[in-house]
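>>> 3D model of this:
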Amino acid sequence: MLGAHVAFTLRDQQRLEAVREAAIAQLAWIDQNAHEHKMSTKSVAKRSGVNLYNSLLTQIDADLTILGLKSAKKILISYADLVVSLRGLEVRFLTIG
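Take a look at the predicted model:
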């Protein structure tokens, strides 16, 4: 979990995705090799509990979405700066791509 928090704080999408993949692999291993372990999907369901791995994956997916939105916002801000810098000039075509 700490790795996810650090990656998000650093805005490091690759590390966040790596933590996500590791969590998926760990949960799969536990479910396949240690059915009765307290972190297994089966064990959590028996207790009507919350699977911490699934909670972590939900948080990481939200973090990745937030980072994506922040990147999109930066692009929009850059575009707005470009438009502002072009005021006063005659611009017939503006292509983004």
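>>> all contacts plus neighbour counts: C-alpha atoms, from now on.
Fine.
>>> Now the spatially most central residue of the chain: which helix or strand?
For the chain, the residue sitting closest to the mean C-alpha position, by C-alpha atoms, centre = their mean, is Leu64 at 1.9 Å. Per DSSP states H and E, Leu64 falls inside helix 52-85.
>>> Give the residue spans of the chain that score low on pLDDT.
In the predicted model of the chain, residues 70-97 satisfy pLDDT under 70.
>>> before we move on, the earlier item: nearest spatial neighbour of the residue nearest to the centre of the chain, skipping sequence neighbours?
Nearest in space to Leu64, with sequence neighbours left out and distances taken as C-alpha to C-alpha, 6 or more residues apart in numbering, is Gln13 at 6.7 Å.
>>> Please report the distance of the one you found from Ala34.
Applying C-alpha to C-alpha, to the nearest Å, one obtains 31 Å for the distance of Gln13 from Ala34.
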